[in-house]
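Trainee: Could you work out the structure for the sequence below:
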Amino acid sequence: MDIITGLVEAVREVGGRLAERQATEPVPAVTVADALAAFAAVDGPAAGLLRERLHALRPRAAWWEDELTDAVPGDGEWWVCDAIDGAVQYLSGLPHWAVTATLLRDGEPVLAVVHAPLQRVTYTAAAGAGARLNGRPIAPPARALAAAVAATGQPPLLARDAVALRRAGESLSAVVPHVLAVRNLGPTALQVAQVGSGHLGLFWEYGSDVTNLLPGALIAREAGAAVTDPRGLPWTPCSDGFVAAAPSLHRELLDVLATVG
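Mentor: The predicted structure follows:
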């Protein structure tokens, strides 16, 4: 079995089990602590199973534990994964969540899978080999900014800072007049991957969200999308913002975001 096939099988197995456990009604969590406890009860076993499957697939690759980090290891092979990207949606009984897995080699993503079980989509990418959606090659189509559906995200709940939150709000106000619509369609990794397939024209976010951005970044880049920070510099896990856009939209989006303080 080649590694990408094994990786797809692993995330689909985990995703299938999570889908079976997801309630159709929202979890009755009154406080953030209640929500975190409910999430841990499903995320912990799912992450454990994913780790077990990926260790068997690539025994020499280590497991990166910290989902809220703003840096990743620069040496060796590491799995950077998220058993439930889209925790809020999962707990709310919504279908917009995904299982993600990325293999890092010396600090660079070389393999990535984003699988959304309830949407029946699986994105895959390998460095230098392009990106695929449900097995077919993908590429972002050209379109005008005014005809583009944009997506964005907010800094993760446990990694928010005042500057990132302010930029998130100001950038939303800046982008809305220039595009067809702005949506937040759920898990970060899936939305970035959707830029690669053309389902979205662009995605941007401020703040640190490395675990969620890495798999989508590789998929979007391998599909042919432009992946940078809001200034147009190459995106890295240490960047304070993220942009993925069809090449025809990238420059215009950067010009709009340049108005954000």
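
Trainee: Please enumerate the helices of the stretch 1-150 of the chain.
Mentor: 3-21, 32-57, 87-91 (DSSP state H, counting those that start in this stretch).

Trainee: which SS state does Val182 fall under?
Mentor: The local conformation at Val182, judged by DSSP: H, G, I helix; E, B strand; the rest coil, is strand.

Trainee: Identify the residue spatially nearest to it, adjacent ones excluded.
Mentor: Ala150 (4.7 Å; CB to CB, 6 or more residues apart in numbering). Where you see a C-beta, it was placed from the backbone N, CA and C, and this is true even at glycine.

Trainee: ok, that neighbour touching His199?
Mentor: No. Here Ala150 does not reach His199: they are 11.8 Å apart, not a contact under CB atoms under 8 Å.

Trainee: the more surrounded of these two?
Mentor: Ala150 (25 against 17; other CB atoms under 10 Å).

Trainee: Confidence-wise, which helix or strand of the protein is lowest on average?
Mentor: helix 162-175 (a mean of 91; mean pLDDT, DSSP states H and E).

Trainee: Distance of the residue of the chain most remote from its centre relative to Ala38?
Mentor: In the chain, the residue that sits farthest from the middle, by CA atoms, centre = their mean, is Val30; the gap is 27.3 Å. For Val30, the distance to Ala38 (CB to CB, to the nearest Å) stands at 11 Å.

Trainee: just Ala168 next, same as before
Mentor: Using CB to CB, Ala168 is found at 26 Å from Ala38.

Trainee: Repeat that for Ile84.
Mentor: Distance, Ile84 to Ala38, by CB to CB: 11 Å.

Trainee: Poorly predicted segments of the stretch 151-261 of the chain, please.
Mentor: Within the stretch 151-261 of the chain, the set of residues satisfying pLDDT under 70 comprises 157-160.

Trainee: got the end-to-end distance for stretch 89-99?
Mentor: End-to-end span of stretch 89-99 (CA to CA, to the nearest Å): 13 Å.

Trainee: what comes up buried for that stretch?
Mentor: Neighbour-count burial for stretch 89-99, counted by 16 or more other CB atoms under 10 Å, picks out 89-92, 96-99.

Trainee: Please name the residues that touch Arg51.
Mentor: 63, 79, 81 (CB atoms under 8 Å, 6 or more residues apart in numbering).

Trainee: I'd say the last one and Thr102 touch.
Mentor: Yes. Cys81 sits in contact with Thr102 when judged by CB under 8 Å, with a separation of 7.0 Å.

Trainee: more neighbours, the two?
Mentor: Comparing Cys81 with Thr102 by neighbour count (other CB under 10 Å), the higher total belongs to Thr102, at 29 against 26.

Trainee: which residues pair with the more buried one across the strands?
Mentor: Val80, Ala112 (DSSP bridges).
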